[in-house]
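Colleague: I would like the atomic coordinates for the input below:
(chains A and B)
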Amino acid sequence: MKMFVCIKYVPDTSEAEVKVNPDGVSVDSSRFSFDINDADNYAVEESVLIKEANEGDITVLSIGPKQSDVMIRMAMAKGCDRAVRIEDERIAGYDPLMVAKVLGGAVKGQEFDLVLTGCMASDDWHMTTGVALAEELGVNHVSMVKKVEILDGKKVKAYRELEGGLMEVVEVELPVVLTIQTGINEPRYAPIRGIREAQKKELKVANLDDLGIDAAEVNADASLVVLEQLYIPQVESSAEFIEGEPDVKAEKLASILVKGGLV
Amino acid sequence: MSELIKGGAFLLGPVDENTVFTPEDFDDVHLMIKKTSYDFMVNKVEPRIDEIEEKAEGVTLDLIRQAGELGLIGSDIPEEYGGEEADKITTMIITENASICGGSYATSFGAHTGIGTLPIVYFGNEEQKKKYLPGLASGEKIAAYALTEPEAGSDALNCKTKAVLSDDKNYYILNGAKQYITNAAWAEVIVTYAKIDGERFTAFIVDADSEGVSIDPEEKKMGIKGSSTCSVIFDNAKVPVENMLWEEGKGHQVAFNILNIGRFKLGAGCVGGSKKVIEFSSAYALQRIQFKQPIAQFNIIKNKVANMTILTYLMESLVYRVAGMIEDKLSAVKASGAAASDIVQAIQEYAIECSISKVWCSEAMDYIADEGVQIFGGYGYGQEYPAERSYRDSRINRIFEGTNEVNRMIIPGTLLGKAMKQEIPFMEAVMNLGAALKPLKDAEAPAESPAREEFYLQNLKTLFTLVAGNAAQKFGADIKNEQEILCRLADIAMDIFAAESGLLRVKKMMANGESEASKMALKMTQCYIYEMIPRLEAWGKEIIAATLEGEAASKAYSGIRLCCNFEPADIYGPKREIADAVYAGKKYFLDR
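Modeller: Got it, this is the predicted structure:
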């Protein structure tokens, strides 16, 4: 089973205060700590589980700065075999289609059975890259995957999590791109021994020229997305507390909903 | 490798920042192990803190075993015995993180990986290592260290436990009681000490299930309630002769060298615990509204958060500096092909720094835990919030691994011993005091920072030489009875070492280009030094007042004034900025 797993280096915005830079289109990331995107972490684990069950070989792909090497090596410490980090300022990184083209360019020309990505990134929430990558590679895709079964090495049975707790099960021929949902497995911790071994594994750094990708196809000019403005929504407090006995409260609530055209 | 720095030598002159290890020097492997150990604690240990505190059956052991699978408890054990054989920096990183989920897990973990296991690593023979270390590295077996006795606490050599060779010469028969033994109820392996024939103090490895070994009920403690602390009773306990550890009559070499390691690791634990207190206290202060605003925004709360952060920065700088010194020394000894026991003896070189790490960090952590409770106000006194537990848990750090009083005595005691043996040029520094003080009369502090702070620190080192030199000359060998003076000398030495660790780290950071981090590190170092100078001046005068009289005293006071002359600077403004930087991420902000 030859696999690629795509991971993204994202800021942890859960605790830190988010501030928009004066340019209005970027965020001050100086106080953020960065790490692997949550869903991608599950994708790494899934790829390692598949490798352990079926044998195989995993290449990590990531577009990011030198600082993300630690994140990439962490994936290798857990069992991935090698990595390519793509670093090139010309890439329009906020446009998932451009990102998919770059990742696709790194995969093209090589044999593969599976490409795993997280189903979404916690910084821009596009939920598009994996699907676009499948298009780029001209292969099938299954998105929001919550369970994977490899069938006789030629097909994969993937369980998709839909709204309302529904599970859709699809069988699809390899090669395929799977976008992995969080919770599909329990990501392992990298053991010290794995961490040490990871230092000896290959981590290739490549730019667009190395990958044979025409920058004019993936840069800001090529992108159809224009980031116009980022802003922190104003906090508004307009909660209305309904007082009274339960039946009175219910009546008041119903009348508000009807008046507002909500029911 | 840089030239090795002698233990205690920092007091006698400037230190080159390039000889010092700092957290900014962590390599990728360190950073990755940091992440694994941190994530393990946050995701696996933190959700089970309540169970740990209740000593729920098997919880701590299960967690230690899980940590073992990741290699987190075998970092000091050689690879051939199933360990990771990592450097001391790695061990410190793991120890720091093992302390972020309360003192109970940290204590169980620390006793097992440190004082429980290391005597076998460093003093065990081949058979003993093969037999015990793989199980200890995986966590399959838990270790305890049983030194203290009812009548032998700080006075550890006053050991009453006796070992007598059995008639068939196959066993030592041990009789005695060991007290306050961490992990006692869980341990399968107990490293203990007894006097053979009541005379020769010797270390032994005791299998806890041996005939004649019993464990008393759990002690009821103020804190670290989830850790096991019991007495271990040897009642004609049969210990096979092959379980004697190291050499007959040389138990003190094992006991004291292992404690040195325990001490510098304890400092790392305090760093982890303190970062956690900053995290939950700042988060609480930001959401607690009083007088229509988060209390975090009141300047007095900012001042507290800043003080907590400054101490944590210095602790972190100090602890990794000591780890770096020890690592350098160990690498040099290992490279020379020395035995493991020589390696641990080498750590003795840094006994002063190990004691500083233990005392200074445990007291800083205690202050931080105390202010954590204060920030929570009434809620801090209740058990619903973590501040109360931190406060109780922190207290033991000043007591175990050698009380802070014993360790304070070790600091000047060891220094003067080294001076007598001419290992460090302290006496020369005392002779040259006049020459060192003279230029201070007209000296002006450099205008630029950190050169300015460096200037002040060098003068404080001269202050140390002045007061320590006078005391040593006055009391000679009897200075050992002047415990108040010895402790004050320790206080001065510790503050200098801590502040200098922060300063050297700033210099190293600035050499890589000025950054937001380096600016904050400089502010923290400055605040500490500006507050510390008057304190050290008072302590210096206190020592002289107890040492000299008349003109000699007056002359010494003038010298002290010269050493402590400084231009006061605003510390309130910088402290507000330090607190704001904590608030921005709701955590200690220099963590990598």
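
Colleague: Could you report the neighbour count for B:Leu70?
Modeller: Residues lying near B:Leu70 (other CB atoms under 10 Å in any protein chain shown) number 24. C-beta: built from backbone N, CA, C; applies to glycine.

Colleague: Nearest spatial neighbour of it, chain-adjacent residues omitted?
Modeller: A:Pro191 (4.6 Å; CB to CB, 6 or more residues apart in numbering or on different chains).

Colleague: how about the residues of chain A near chain B?
Modeller: Contact residues (CB under 8 Å from any CB of the partner chain) of chain A with chain B: A:15-17, A:30-33, A:35, A:69-70, A:73-74, A:77, A:189-193, A:195-196, A:198-199.

Colleague: Repeat the analysis, applying 10 Å as the threshold.
Modeller: A:12, A:14-17, A:19, A:28, A:30-33, A:35-36, A:69-74, A:76-78, A:186-196, A:198-199 (CB under 10 Å from any CB of the partner chain).

Colleague: Phi, psi for the residue nearest to B:Leu70 please.
Modeller: Torsion angles at A:Pro191 (phi, psi; degrees, to the nearest 10) stand at phi -70, psi 160.

Colleague: Contact partners for it?
Modeller: Taking CB atoms under 10 Å, 6 or more residues apart in numbering or on different chains, we find A:Pro191 in contact with A:Ala77, A:Lys78, A:Glu197, B:Ile33, B:Thr36, B:Gly68, B:Glu69, B:Leu70, B:Gly71, B:Leu72, B:Glu84.

Colleague: Quick check: the second one touching A:Lys201?
Modeller: I take that to be A:Lys78. No. Using CB atoms under 10 Å, A:Lys78 is not in contact with A:Lys201; the gap is 11.4 Å.

Colleague: State which one residue of the stretch 101-250 of chain A is found closest to chain B.
Modeller: A:Ile192 (3.3 Å; CB to the nearest CB).

Colleague: so B:Gly139 makes contact with B:Gly83?
Modeller: No. With contacts counted by CB under 10 Å, B:Gly139 stays clear of B:Gly83, the gap being 11.5 Å.

Colleague: give me the number of residues near B:Val45?
Modeller: Per other CB under 10 Å, the neighbour tally for B:Val45 reads 25.

Colleague: Just the pLDDT for it.
Modeller: What the model reports as pLDDT for B:Val45 is 98.

Colleague: For the nearest residue to it once chain neighbours are set aside, give me the pLDDT.
Modeller: Spatial nearest neighbour of B:Val45, excluding adjacent residues (CB to CB, 6+ apart): B:Cys101 at 4.4 Å. In this model, B:Cys101 is scored at 96, pLDDT.

Colleague: that older thread, for the closest residue to the residue of the stretch 101-250 of chain A closest to chain B other than its chain neighbours, helix, strand, or coil?
Modeller: Take A:Ile192 and drop its neighbours on the chain: the residue closest to it by CB to CB, 6+ apart is B:Gly71, 3.3 Å away. Counting by DSSP: H, G, I helix; E, B strand; the rest coil, the backbone at B:Gly71 sits in coil.

Colleague: Could you check how far B:Gly71 is from B:Phe26?
Modeller: 17 Å (CB to CB, to the nearest Å).

Colleague: Can you name the helix or strand that A:Lys146 falls in?
Modeller: Element membership for A:Lys146 (DSSP states H and E) is strand A:140-151.

Colleague: Buried residues, that strand. List them.
Modeller: A:Asn140, A:His141, A:Val142, A:Ser143, A:Met144, A:Val145, A:Lys146, A:Val148, A:Ile150 (16 or more other CB atoms under 10 Å in any protein chain shown).

Colleague: Give me the helices and strands touching the helix or strand following it, please.
Modeller: Helices and strands here follow DSSP H and E; after strand A:140-151, the next one along the chain is strand A:155-161. Strand A:155-161 sits against strand A:140-151, strand A:167-173, strand A:176-180, with contacts defined as 3 or more CB pairs under 10 Å, 6 or more residues apart in numbering or on different chains; DSSP states H and E.

Colleague: starting at the chain centroid, how far to the first one?
Modeller: The one in question is strand A:140-151. Here strand A:140-151 is found 15 Å from its chain centre; the criterion is CA atoms, centre = their mean, to the nearest Å.

Colleague: go on, the second one?
Modeller: Averaging C-alpha positions (CA atoms, centre = their mean) puts strand A:167-173 20 Å from its chain's average.

Colleague: in it, what counts as buried?
Modeller: Quick answer for strand A:167-173 (16+ other CB under 10 Å): A:Val172.

Colleague: Send me stretch B:258-277 as PDB with only the CA atoms.
Modeller: This file holds the C-alpha atoms of stretch B:258-277, laid out as PDB (Å, rounded to 0.1, in the frame of the first residue of the first chain):
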ATOM      1  CA  ILE B 258      21.900  10.200  43.900                       C
ATOM      2  CA  LEU B 259      20.500  13.000  45.900                       C
ATOM      3  CA  ASN B 260      22.500  15.500  43.900                       C
ATOM      4  CA  ILE B 261      20.700  14.300  40.800                       C
ATOM      5  CA  GLY B 262      17.400  14.300  42.600                       C
ATOM      6  CA  ARG B 263      18.000  17.900  43.500                       C
ATOM      7  CA  PHE B 264      18.600  19.300  40.100                       C
ATOM      8  CA  LYS B 265      15.700  17.300  38.800                       C
ATOM      9  CA  LEU B 266      13.500  18.700  41.500                       C
ATOM     10  CA  GLY B 267      14.100  22.200  40.100                       C
ATOM     11  CA  ALA B 268      12.800  21.100  36.700                       C
ATOM     12  CA  GLY B 269       9.600  19.800  38.400                       C
ATOM     13  CA  CYS B 270       9.100  23.200  39.900                       C
ATOM     14  CA  VAL B 271       9.400  24.800  36.500                       C
ATOM     15  CA  GLY B 272       6.600  22.600  35.100                       C
ATOM     16  CA  GLY B 273       4.400  23.200  38.200                       C
ATOM     17  CA  SER B 274       4.900  26.900  38.100                       C
ATOM     18  CA  LYS B 275       4.000  27.200  34.400                       C
ATOM     19  CA  LYS B 276       0.800  25.400  35.200                       C
ATOM     20  CA  VAL B 277      -0.100  27.800  38.000                       C
END
